[in-house]
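here is a sequence together with a model predicted from it:
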Amino acid sequence: MAAAATLPRALAPAAHGATQPAKGRVDRTTVAGPRPFQPTGYWNTRLGHAPKSPHNASWIKDAKAGGPHLNLVLGDWGMPVYRAKPSNPLVRITSGGHTVRVHIPRQARPMNASDAALTIIDRSTNQVVGLFGAHVSGGKWSVSGLSRYGYQSTGIAGGLPSGVKANFGHRGIPASVPAVTKGEIQRGKIRHRLEIYWHETASRTPEGRSAYFPMTGSESGKSGVVPEGAVIRIKPSVNLKALSLSPAAYVIARALQKYGAVVGDNSGQGNSMKLQGNTNWKGILNKDSLRSIPWSDYVFVKGGYRP
């Protein structure tokens, strides 16, 4: 099988079908820049030799029930991610008793799907903001849901250990976590934990909690097996270079091995991870790019573990 090489800053071309940006040109849809949240905080700390969940066998069995491999989501259901500038309009948005003021680029639009979600990373106001059920008209935004996490904070919701009172929303998942961005793929590194969407989650953990840390709760009305907040990773013993992975897929797999992904929401069908929505992934990644990694190469971390 073909060995995978770590991607440099620009996408490696040729054999894997990835295209390299022309010299001197910048892809306006990429999202680059320092990663949000404290470098030694939960989201940015590697799992290392994290303990295995005692429920691993049944949870991996449930993973297989959701499909043969982890899917990547792009297109209409991909997550639009925008990095705002201080010169962008400062918008006031209120929802659920919370109000945020955030710069939003004029061209920003929510995903073209029923969730109508998008992510705004705004360093000038020191925050990562998620908008859900979003609509914009004449520069005015309305939403049905809202999340906000301080850019330089722990990235943990208020009320949880190491949490920050001003951090709230999406049951503890910051908006910078759900999507792999093209900027990360071009750099050849994803240096934080991700979010995975499960085919159907459990309403409670085996210990009777609503969800594991770092989540504040779970989606109601679900009768699955794996609880929200559970972390899944590729086993440290797996040799990723021995798998048939494109350079871009290798970057994602490496992050899944080092940092893992939090089961944070329901997909409705299959187990999946989102890619940045407001960009073109043609020739770089597709929904089956991780198909060579079987579920037997994954392991669940002990619930609530904090590295």
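Arrived safely, thanks for sending.

so where do the helices sit in the stretch 51-200 of the chain?
For the stretch 51-200 of the chain, helices defined by DSSP state H, counting those that start in this stretch occupy the ranges 56-65, 182-187.

hang on, residue 211 packs against residue 222?
No: using C-beta atoms under 8 Å, residue 211 makes no contact with residue 222, being 11.2 Å away. Yep, even glycine has a C-beta here, placed from its N, CA and C like the rest.

quick one: which of the two has more around it?
Using other C-beta atoms under 10 Å, the more surrounded residue of residue 211 and residue 222 is residue 211, with 26 against 15.

for residue 70, see how far away that one is.
21 Å (C-beta to C-beta, to the nearest Å).

repeat that for residue 221.
Separation of residue 221 from residue 70 (C-beta to C-beta): 24 Å.

same deal with residue 59?
Remark: distance between residue 59 and residue 70 (C-beta to C-beta) = 14 Å.

same check on residue 304?
To residue 70, residue 304 is 23 Å away according to C-beta to C-beta.

when the two are compared, which one has more neighbours?
Taking other C-beta under 10 Å, residue 304 and residue 70 do not tie; residue 70 has more neighbours (28 against 18).

you'd agree that one is up against residue 267?
No: the criterion here is C-beta under 8 Å, and residue 70 misses it with residue 267 at 10.8 Å.

for this protein, give me the ranges with low pLDDT.
1-33 (pLDDT under 70).

over to the residue most central in space within it: give its phi and psi.
Nearest residue to the geometric centre of the chain (C-alpha atoms, centre = their mean): residue 178, 2.2 Å. Main-chain torsions, residue 178, degrees, to the nearest 10: phi -70, psi -20.

contacts only, for the nearest residue to it once chain neighbours are set aside.
Residue nearest to residue 178 in three dimensions, not counting chain neighbours: residue 195, with 4.4 Å by C-beta to C-beta, 6 or more residues apart in numbering. Applying C-beta atoms under 8 Å, 6 or more residues apart in numbering to residue 195 gives the contacts 173, 177-178, 261-262, 264-265, 273-274.

rerun at 10 Å
79, 170, 173-179, 261-265, 273-274 (C-beta atoms under 10 Å, 6 or more residues apart in numbering).

ok, back up a step: now the common contact residues for residue 70 and residue 267.
With C-beta under 10 Å, 6+ apart, residue 70 and residue 267 have common neighbours 196-197, 273.

now those: which count as buried?
Buried members of the shared contacts of residue 70 and residue 267, scored by 16 or more other C-beta atoms under 10 Å, are 196-197, 273.

returning to what we had before: tabulate the helices of the stretch 51-200 of the chain (JSON lines), appending distance to residue 116 and mean neighbour count.
Shown next, in JSON lines, are these (distance: least, C-beta to C-beta, whole Å; neighbours: other C-beta atoms under 10 Å):
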{"stretch": "helix 56-65", "distance to residue 116": "29", "mean neighbour count": "16"}
{"stretch": "helix 182-187", "distance to residue 116": "21", "mean neighbour count": "22"}
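
and those: which comes nearest residue 95?
Proximity to residue 95, assessed across the helices of the stretch 51-200 of the chain by C-beta to C-beta, is greatest for helix 182-187 (27.9 Å).

which helices and strands sit right next to the closest one?
Here helix 182-187 touches strand 81-83, helix 247-258, going by 3 or more C-beta pairs under 10 Å, 6 or more residues apart in numbering; DSSP states H and E.

tally of neighbours for the closest residue to residue 101 other than its chain neighbours?
Distances taken as C-beta to C-beta, 6+ apart put residue 92 closest to residue 101, at 5.2 Å, once the chain neighbours are dropped. The local packing of residue 92 (other C-beta under 10 Å) involves 10 other residues.

ok, residue 40 next?
Residue 40 is flanked by 9 other residues according to other C-beta under 10 Å.

that one and residue 157, how far apart?
Distance from residue 40 to residue 157, by C-beta to C-beta: 18 Å.

likewise residue 57?
Separation of residue 57 from residue 157 (C-beta to C-beta) stands at 30 Å.

same check, this time on residue 116
To residue 157, residue 116 is 22 Å away according to C-beta to C-beta.
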